[in-house]
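Enquirer: Turn this into a model:
(one chain, ligands or ions: 1)
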Amino acid sequence: PLQDMEKRRQGIRDHLVLVPCPFQGHMKPMLHLANLLHSKGFSITIIHSQSNSPNPSHYPHFFFRSLGDSSHIQSASDGDFVPFISALNLHSPTIFRDLLLRMHFQDPVLSIIHDSAMYFPVTVADELDIPRIVLRTSSAAAGFAFALSILKQQRSFPFQENESEEALVEFPSIRGKDMPVINTFHKEARDEFLARVHHGTKTASAIVWNTFRGLEQTTLEKIEQLFSVPNFPLGPLHKHSGASLTSFATEDHSCIAWLDQQAPSSVIYVSIGSLITTSESELVEMAWGLANSGQPFLWVVRPGLVNGSSNAAQLLPKEFKETTNKRGRVISWAPQEAVLAHRSVGGFWTHSGWNSTVESISEGVPMLCSPIVGDQRVNARFVSHVWRTGIQLEDGVERGKIEKAIKRLMVDEEGAEMKKRAMDLKDKVASSLRQGGSSSEFLHSLVDFIKGKLC
Ligand code: UDX
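Expert: As a prediction, this is how the structure comes out:
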């Protein structure tokens, strides 16, 4: 539209097209990257799906283009995201090509930056000869582990079969049982998805990572050997961009006033992210583990947290609520970054999604890790055994084990040691973002890369 063209002309900015993946844990790092690049003088167009689209009124400095009606694409509400993401990738190339052609004609697109899970831009960018950069929203370690699983698969080692306790020869920091898993009823579609993500990453002009050198230097060196294109670890993106973003769900800010009343470092914050679900019996074990630990807690129980229920909080036992009503608080969605930065929060019981992990690292909060799927097991292993800023709850969710693990983290000397190491990592985050720090320097070189080498 003309209005857009006029806006752009005023700023005479180089134009970038960004394609996020429509899940909370993927959208957030892409929008932070968009903010960073906008602050460096680029004009930004976000291409989004109809479902889970960001609200344009919250980002008046970006342009938005929709991939159109996706009502024929099933949402991932049953927790199996493979059919959803496959359909989105299958149906989007034509409309994306049309959008891109129109935009390119009005305001040449200097580069496309897409989430690796949205691989449909790969062929379109090649066809139109527009440079393409990939954003990986996972840790470098998980990125490397996913690549290993693809390479094994291509050499006919079956994906997901090795669940051993042994360290991997190719990646000794993790065991066979820490390798990424994607559980789905659509195994062929999953394998194709992973292969295409890998191909799209390998053939990109460059890769942006939501991590930083001080955290993952050794793995980043492995990554550089594997993907021999420039790699830009710019993270933690949420700290680097400094912007506060809105989530898809409404945040309950009243928990901050509650946290204000708690003793310093006494509260364990509990959340298993935006996607994964539990069974009712696991929810009950979690509840009693928290109650029996004796620690104050702030627990995010999303309405859809339990399979088959639309109001998970209602499934919490009455006696649990009575026992803990002064010491605990259950909410449906938290302002997570503010919670982790609060002085009363001393630990984070997490599913080890990468955003949650990196947000916790940024605030020096030690973690209790309950990884379930995807990249989470890799992240949990790094937290517990490489950075040693947390412990992993292994072999199921059971109240006695939970109680013990919370005490180890929040009360014991062992936990105090983890806290010290977590605070050291927090300092490393700050130095990587300072002028001259690695993430700050990588941002300068990314801007040069986009403007210079890619023109
Ligand atoms: C998914 C995958 O599970 C994860 O492993 C992958 O790395 C990214 O995509 P998700 O499960 O949602 O993401 O976890 P995570 O990466 O931790 O992202 C959750 C985001 O939601 C975080 O940025 C967190 O701050 C936010 N959040 C979570 C809230 O804002 N409020 C909440 O109550 C809970």
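
Enquirer: which non-adjacent residue is nearest the residue of the stretch 301-450 of the chain found nearest the ligand?
Expert: Scanning the stretch 301-450 of the chain for proximity to the ligand using C-beta to the nearest ligand atom identifies Gly353 as nearest, at 2.4 Å. Every residue, glycine included, has its C-beta placed from N, CA and C. Closest residue to Gly353 apart from its sequence neighbours, by C-beta to C-beta, 6 or more residues apart in numbering: Gly273 at 4.3 Å.

Enquirer: okay, now the one you found: neighbour count?
Expert: 21 (other C-beta atoms under 10 Å).

Enquirer: Next, work out how far apart it and Ser86 are.
Expert: Distance from Gly273 to Ser86, counting by C-beta to C-beta, to the nearest Å: 22 Å.

Enquirer: Equivalent analysis for Ser370, please.
Expert: 28 Å.

Enquirer: swap in Gly452?
Expert: 36 Å.

Enquirer: the more surrounded of the two?
Expert: Ser86 (19 against 9).

Enquirer: which non-adjacent residue is nearest that one?
Expert: Ser86 sits nearest to Ala189 (C-beta to C-beta, 6+ apart), 4.7 Å away.

Enquirer: Glu417 - how many residues pack around it?
Expert: So Glu417, with other C-beta under 10 Å, has 13 neighbours.

Enquirer: Start the count at 54 instead of 1 going forward.
Expert: That works, and once the first residue is 54, the last one we named lands at Glu470.

Enquirer: Can you give me the buried ones in the top helix by length along the chain?
Expert: Criterion DSSP state H: the longest helix present in the chain is helix 466-486. By neighbour count on 16 or more other C-beta atoms under 10 Å, the buried set for helix 466-486 is Gly468, Met471, Lys472, Ala475, Leu478, Lys479, Lys481, Val482, Ser485, Leu486.

Enquirer: ok, now which ones touch the third one?
Expert: Pointing back at Lys472 there. Counting by C-beta atoms under 8 Å, 6 or more residues apart in numbering, Lys472 makes contact with Ser318, Gly399, Gly417, Pro419.

Enquirer: sorry, back to before: redo the buried residues of helix 466-486 as TSV? Include distance to Ser332.
Expert: Listed next are these as TSV, based on distance: C-beta to C-beta, whole Å:
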residue	distance to Ser332
Gly468	29
Met471	29
Lys472	32
Ala475	31
Leu478	33
Lys479	35
Lys481	38
Val482	36
Ser485	40
Leu486	40
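
Enquirer: Among those residues, which ones lie close to the ligand?
Expert: Residues of the buried residues of helix 466-486 in contact with the ligand (C-beta under 6 Å from any ligand atom): none.

Enquirer: Serialize the residues you listed to CSV and add fields for pLDDT.
Expert: Below are the buried residues of helix 466-486 laid out as CSV (pLDDT from 0 to 100):
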residue, pLDDT
Gly468, 97
Met471, 98
Lys472, 98
Ala475, 98
Leu478, 98
Lys479, 98
Lys481, 98
Val482, 98
Ser485, 98
Leu486, 98
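
Enquirer: so after the longest helix of the chain, what's the next helix or strand?
Expert: Of the helices and strands lying after helix 466-486 in sequence (DSSP states H and E), the nearest is helix 491-501.

Enquirer: Does that next one pack against any helices or strands, and if so which?
Expert: helix 266-279, strand 284-286, helix 290-294, helix 466-486 (3 or more C-beta pairs under 8 Å, 6 or more residues apart in numbering; DSSP states H and E).

Enquirer: repeat that with 6 Å
Expert: strand 284-286, helix 466-486 (3 or more C-beta pairs under 6 Å, 6 or more residues apart in numbering; DSSP states H and E).

Enquirer: roughly how far is the longest one from the heart of the chain?
Expert: Right, the one you point to is helix 466-486. 20 Å (C-alpha atoms, centre = their mean, to the nearest Å).
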